[in-house]
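here you go, sequence then predicted model.
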Amino acid sequence: MSKDNIGWNLVNEAEKREIMAFSEQYKSFINEVRTEREAVKFFRSIAETRGYKDMPETIEAGGKYYIIKNGKAIALINLTSSPLSEFRILAAHMDSPRLDVKPSPLEEDKDSHFVLMKTHYYGGIKKYQWFSRPLSLHGIIVTKDGRKVEVKIGDNMGDPVFSIPDLLPHLSKKEQGDKKLLEGFEGEKMEILVSHIPEKDGKEEPFKKQLLSILKDRYGMEEDDFYSADLEVVPAEGPRDVGFDRALIGAYGQDDKICAYSTTMALLDSKPTGNSIVILFDKEEIGSDGNVGAQSNFLEFVLVTLLERIGAKYTYGNLLELMQRSKVISADVGAVVNPLFKNVHDLNNAGKAGNGILIMKYTGSGGKYSASEAQAELIAEIRKVLDEKRVIYQFGLLGKVDEGGGGTVARYLSSYGFSVIDMGPGLMSMHSPFELVSKIDLWSSYKAYRAILES
Ligand SMILES: [Zn+2]
């Protein structure tokens, strides 16, 4: 594969139709699923329709299983043979940058006649992108008596939405205009408008009282129940085709639900030639911490559970050996050249939209800090597999050497001893409420993950 091959020139009309059809399936997923909890539910249910079962006490070669951790991480396992000596593992994350609702969120502002809900941003966002746009609210509220109330409001036409009101240009000269772009919008100001009608003739906090009565009616909740809630504020708009030729998809949350989707579909649609796992984490956007992030022992737990339940007598040494022998594809998005900001890339080493799945030898920043670099031998092996299966792919790095940087789950998983490589579709406007991907890059990613499972 030469590096300047434009993917669209390499597919025939029949494959173009497949690309468009797969994109439609993906769009309906990315429209329905905005949070990691919703993603786990989606993948569990689609896996069940393909014969996957909640991990039973005893398992066997030929079985298909899943393990869910706290409703926020999931592993899908396809066992082809026993004993378990090595795995192919595809790892992605389901969380995306957003605004989380604070534990004590409601504030009545008497001067303006509004109730606002305070938020705390999650992950790397450009705050200004979240002002003056329709937002929806997703998540759960657990009441003290253990009732779990699901909240999903704002995505459907006819639903109300929420909004962070930006300042009018007429009055923003000093307040915003004299500040640096990224300082003009403070985290503490990211409050969403949630209501505006007061309790009739109410004396004390009439606006908030009226809102609380709506919440009581609708969700059966009291104000204190916000303490035990996981509520996320996300863009309300669904995915759209972009461009006259409909070659791109614009949508929120593609980092990294696009890889969560394409790895899972690759596993479900393929006939793996070896024991395979798709593992989907939470918390990548804030450092992969916590018990559902890639730094937790969830993957280790999955492997130990498999070894125990298949009835193997194994030692800690066997587990380490299994991890040394196994390969992990860290399926996460990269960046492709943005025509308006080309100067942040080294164009010889940058991903281009439409050139297929992007293989990143390393991520990190500065002098390769925080990078787990894929070894040359592993990259050569992947090249061979992708060429054999006629997958369109390219190599690229995030940006110029000292321009900034970023990481994926690769570094955490490689510390277990796995051979790890980063590969996924490249996005434009990454981490924004409207991330862009080329449909052929989405398709190539799905095909690449399949090729690796079937090689
Ligand atoms: Zn990511």
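Yep, that arrived.

need the longest helix for the protein.
helix 13-32 (DSSP state H).

and the helices in this protein?
Remark: helices assigned in the chain by DSSP H are 13-32, 36-49, 206-219, 254-269, 298-309, 316-325, 376-388, 410-414, 439-453.

can you tell me which of these has the worst average pLDDT?
Comparing mean pLDDT over those, the weakest stretch is helix 410-414, at a mean of 91.

who touches it?
89, 91, 288, 294-295, 299, 328, 330, 332, 363-364, 370-372, 374, 420-422 (CB atoms under 8 Å, 6 or more residues apart in numbering). The way it works is simple: take the backbone N, C-alpha and C, and place the C-beta from them, glycine included.

buried subset of the residues you listed?
Buried by 16 or more other CB atoms under 10 Å: 89, 91, 288, 294-295, 299, 328, 330, 332, 363-364, 371-372, 374, 420-422, out of the contacts of helix 410-414.

run a quick neighbour tally on residue 268.
Taking other CB atoms under 10 Å as the criterion, the count of residues near residue 268 is 18.

ditto for residue 148
Neighbour tally, residue 148, other CB under 10 Å: 10.

so it sits against residue 140, correct?
Yes - with contact defined as CB atoms under 8 Å, residue 148 reaches residue 140; the gap is 5.6 Å.

buried sites along stretch 63-80?
63-69, 71-79.

which of those are close to the ion?
Of the residues in the buried residues of stretch 63-80, proximity to the ion by CB under 5 Å from the ion holds for none.

ok, so of these, who is nearest the ion?
Closest approach between the buried residues of stretch 63-80 and the ion, by CB to the ion: residue 73, at 14.7 Å.

OK, contacts around that closest one?
Contact analysis of residue 73 by CB under 8 Å, 6+ apart lists 36, 40, 94, 279-282, 292, 296, 298.

distance check, residue 111 against residue 62.
As judged by CB to CB, to the nearest Å, residue 111 and residue 62 stand 67 Å apart.

chain neighbours aside, what residue packs nearest to whatever residue of the stretch 251-400 of the chain ends up closest to the ion?
Nearest residue of the stretch 251-400 of the chain to the ion (CB to the ion) works out as residue 256 at 3.7 Å. Distances taken as CB to CB, 6 or more residues apart in numbering place residue 93 nearest to residue 256, at 4.6 Å, with adjacent residues excluded.

just residue 309 next, same as before
Leaving aside its chain neighbours, residue 309 sits nearest to residue 59 (4.6 Å; criterion: CB to CB, 6+ apart).

for residue 208, same thing?
Nearest to residue 208 is residue 108, by CB to CB, 6+ apart, at 4.2 Å.

so what's the residue count around that neighbour?
Applying other CB under 10 Å, we find 19 residues neighbouring residue 108.

just residue 198 next, same as before
18.

what does residue 157 give?
By the measure other CB under 10 Å, the count of residues near residue 157 is 5.

just the pLDDT at it, thanks.
Residue 157 is given a pLDDT of 90.

buried members of the contacts of residue 73 into PyMOL, please.
Command for PyMOL that selects the buried part of the contacts of residue 73, burial taken from 16+ other CB under 10 Å:
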select buried, resi 36+40+94+279+280+281+282+292+296+298
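
you'd agree residue 303 is up against residue 321?
No - using CB under 8 Å, residue 303 makes no contact with residue 321, being 11.3 Å away.

so for the two, which sits in the more crowded spot?
The neighbour comparison of residue 303 against residue 321 (other CB under 10 Å) goes to residue 303, with 23 against 15.

what separates the nearest residue to residue 184 once chain neighbours are set aside from residue 127, distance-wise?
Spatial nearest neighbour of residue 184, excluding adjacent residues (CB to CB, 6+ apart): residue 176 at 4.1 Å. To residue 127, residue 176 is 11 Å away according to CB to CB.

same check, this time on residue 146
36 Å.

more crowded one of the two?
Neighbours per residue, other CB under 10 Å: of residue 146 and residue 127, the larger number sits with residue 127, 18 against 7.

measure the residue nearest to that one when sequence neighbours are not counted to residue 447 for me?
In this structure, residue 127 finds its nearest non-sequential neighbour in residue 185, 3.9 Å apart by CB to CB, 6+ apart. Distance, residue 185 to residue 447, using CB to CB: 40 Å.

neighbour count for these two, which is higher?
Set residue 185 next to residue 447 and count neighbours by other CB under 10 Å: residue 447 wins out with 24 against 20.

separation between that one and the ion?
20 Å (CB to the ion, to the nearest Å).

for the protein, which helix or strand comes out least confident on mean pLDDT?
strand 405-406 (a mean of 81; mean pLDDT, DSSP states H and E).

among the contacts of helix 410-414, name the ones in strands.
When DSSP state E defines the strands, the subset of the contacts of helix 410-414 inside them is 89, 91, 328, 330, 364, 420-422.
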